[in-house]
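**Q** what follows is a predicted structure for the sequence shown.
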Amino acid sequence: MKTSEILRVPYMLEAESVSTNEHWICRVSFPELPDCVVEHVDVEEAIRQLQCKRLLVLLDTLAEGRMPPLPRGPIRFDPNAGPAATLGLAPLLDALAEIDPGGVPAALAAHPGLAADLARARAQFLSNT
């Protein structure tokens, strides 16, 4: 399975309303992926942030030389739309698209700019959540 196919695997999304002391918030998650949970007062923003977090979790897992959980087959994916566009990762995804997942760490090491793009996107995402 190629990296582009792994990024197109649909994961089950869970959403719930959670009461805090002051108000209600929305908690959304991809329970099939580790640490893929987002909370926000606005459900649409929570889902947007969760999609970005999903992409980062998958890329980080591949960058570590590990395979993410693959509970089902891939669907269509556009690296110029959705979370990839939000995070500015289209060039990275284009570069990794046809690489076998085991080759992602070497590809990132060979192209420090791509690894820097991933680190920048992760830092930007974390500073906005």
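**A** Nice, thanks for sending it over.
**Q** neighbouring contacts of the helix or strand where Leu56 lies?
**A** Remark: Leu56 resides in helix 43-63, with elements defined by DSSP states H and E. Contact with helix 43-63 is made by 3, 6-7, 11, 13, 15, 26-30, 33-40, 67-68, 82-84, 86-87, 89, 92, 96, 101, 104-105, 108, 115, 118, 121-122, 125, 128-129, as judged by C-beta atoms under 8 Å, 6 or more residues apart in numbering. Just so you know, the C-beta spots here come from the backbone N, C-alpha and C atoms, and that holds for glycine as well.
**Q** how about it as CSV, C-alpha atoms only?
**A** Written as CSV, here are the backbone C-alpha positions of helix 43-63 (Å, rounded to 0.1, in the frame of the first residue of the first chain):
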residue,chain,number,x,y,z
VAL,A,43,-18.7,21.5,16.1
GLU,A,44,-17.6,22.5,12.6
GLU,A,45,-14.3,23.9,13.9
ALA,A,46,-13.8,20.8,16.1
ILE,A,47,-14.2,18.5,13.0
ARG,A,48,-11.9,20.8,10.9
GLN,A,49,-9.2,20.6,13.6
LEU,A,50,-9.7,16.8,14.0
GLN,A,51,-9.2,16.3,10.2
CYS,A,52,-5.9,18.2,10.5
LYS,A,53,-4.9,16.2,13.6
ARG,A,54,-5.7,13.0,11.8
LEU,A,55,-3.4,13.9,8.9
LEU,A,56,-0.6,14.9,11.3
VAL,A,57,-1.0,11.7,13.3
LEU,A,58,-0.7,9.6,10.1
LEU,A,59,2.3,11.5,8.8
ASP,A,60,4.1,11.4,12.2
THR,A,61,3.4,7.6,12.5
LEU,A,62,4.8,7.1,9.0
ALA,A,63,7.8,9.4,9.7
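**Q** check which element follows that helix along the chain.
**A** In N-to-C order, the element after helix 43-63 by DSSP H and E is helix 82-87.
**Q** which other helices and strands does the helix or strand just after that following helix contact?
**A** Using DSSP H and E, the helix or strand that follows helix 82-87 in sequence is helix 90-96. Judged by 3 or more C-beta pairs under 8 Å, 6 or more residues apart in numbering; DSSP states H and E, the packing partners of helix 90-96 are helix 3-6, helix 104-110, helix 112-128.
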